[in-house]
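1. take a look and give me a structure for this.
(one chain, ligands or ions: 1)
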Amino acid sequence: MTLTAYPQEVRAEVARTREVVARLHAELPRWELVVWTAGNVSQRVPGAELFVIKPSGVGYDELTPEAMVVCDLDGTLVDGDRAPSSDTAAHAYVYRHLPEVGGVVHTHSTYAVAWAARGEEIPCVLTMMADEFGGPVPVGPFALIGDDSIGRGIVETLSRSRSRAVLMRNHGPFTVGRDARAAVKTAVMVEEVARTVHVARQLGEPLPIPQADVDRLYERYQHAYGQPAPQPPAGADASSPDPQETPA
Ligand SMILES: O=C(CO)[C@@H](O)[C@@H](O)COP(=O)(O)O
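-> This next block holds a predicted model:
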């Protein structure tokens, strides 16, 4: 089914999502999370069983909204003149099995990949980890690219954790969020804590944080950190929060 077969309002949402996903890809080199083309961002299209992702192997300076490709939740190309990311099957699997997820990111950021190479979860020894991940950053199984293996490993691992990042063993981090911006933020944060905990370990054994304190920190950060969400204008439908609003 091509995009022309979808209603105009879906095509308009696709255009908006292309703008968002194209802009967020620039954050990956900006935060030094990738080299060359080794990372990708996607976002679900509101109101349709579609998502937007980058084309495979295309440099970040070429990633315009028009260059983005559109896929259905089976990972089949619906719109775009280039092949979708090689991780499209993984992103699609996540969207099919985690309906609350609106954005997925994959990078090869150095310190997170170093923890993935050892198949070791990042222990929750920082208040920033309690805030952002609610505990350790877990490790997912080794899985070859090309079918549902990576996606299944992501979903099974995240389903056992509060973390929105998973270190796929011998590969690297995948992150999820309510939208792509939230998933990019988590990708930035998982690299930051991977680096900091690694440095701490060079100096000695980091100290764990009691679980009750981890829980308190997580609840505060997830619900009270940053600016309050803007209140809808009087009489507006308050039941549909702006999907672009994500924790700061
Ligand atoms: O990790 C891999 C390949 O092993 C991919 O995520 C990375 O090269 C990015 O690929 P794409 O350019 O998104 O197809």
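
2. show me what contacts Trp31?
-> For Trp31, the set of contacting residues under the criterion of CB atoms under 8 Å, 6 or more residues apart in numbering consists of 187-188, 191. Every residue, glycine included, has its C-beta placed from N, CA and C.

3. one more time with 7 Å
-> Under the criterion of CB atoms under 7 Å, 6 or more residues apart in numbering, the contact partners of Trp31 comprise Val188.

4. from the ligand, how far off is it?
-> With distances defined as CB to the nearest ligand atom, to the nearest Å, the gap from Trp31 to the ligand amounts to 16 Å.

5. and what of Glu219?
-> Computed as CB to the nearest ligand atom, the Glu219 to the ligand distance reads 33 Å.

6. in three-state terms, label that residue for me.
-> Three states are possible here, and by DSSP: H, G, I helix; E, B strand; the rest coil the one that applies to Glu219 is helix.

7. could I get the pLDDT score of it?
-> For Glu219, the pLDDT comes out at 96.

8. that one: neighbour count?
-> Neighbourhood size, Glu219 [other CB atoms under 10 Å]: 13.

9. could you list every residue that touches the closest residue to Ser85 other than its chain neighbours?
-> When the adjacent residues along the chain are set aside, Ser85 lies closest to Asn40, with 4.4 Å between them (CB to CB, 6 or more residues apart in numbering). For Asn40, the contacting residues are 53-54, 85, 87, 106, taking CB under 7 Å, 6+ apart as the criterion.

10. out of the residues you listed, list just those in strands.
-> Within those, membership in strands is found for 53, 106, as judged by DSSP state E.

11. touching the ligand at all, the helix or strand harbouring Arg11?
-> Using DSSP states H and E, the secondary-structure element containing Arg11 is helix 8-25. No: with CB under 6 Å from any ligand atom as the threshold, helix 8-25 lies outside contact range of the ligand, at a closest distance of 9.8 Å.

12. the helix or strand just after that helix: how far from the chain's middle?
-> Of the helices and strands lying after helix 8-25 in sequence (DSSP H and E), the nearest is helix 27-30. Distance of helix 27-30 from the chain centroid (CA atoms, centre = their mean, to the nearest Å) equals 14 Å.

13. run through who's touching helix 27-30.
-> Contacts of helix 27-30 with the rest of the structure, by CB under 7 Å, 6+ apart, involve 34, 39, 60, 107, 184.

14. against the ligand, how distant is the fourth one?
-> Right, the one you point to is Thr107. In this structure, Thr107 and the ligand are 8 Å apart, going by CB to the nearest ligand atom.

15. so that residue makes contact with Thr37?
-> No: under the contact definition of CB atoms under 7 Å, Thr107 does not touch Thr37, with a separation of 11.2 Å.

16. which of the three states applies to the residue nearest to Gly151 when sequence neighbours are not counted?
-> Distances taken as CB to CB, 6+ apart put Tyr93 closest to Gly151, at 2.5 Å, once the chain neighbours are dropped. Judged by three-state DSSP, the three-state class of Tyr93 is helix.

17. give me the mean pLDDT for the longest helix seen in the chain.
-> If each helix of the chain is counted by residues according to DSSP state H, the longest one is helix 180-203. When pLDDT is averaged along helix 180-203, the result is 98.

18. which residues does stretch 51-60 contact?
-> The set of residues that contact stretch 51-60 without belonging to it, under CB under 7 Å, 6+ apart, is 14, 17-18, 21, 25-26, 28-29, 37, 40-45, 63, 67-71, 80, 82-86, 88, 91, 95.
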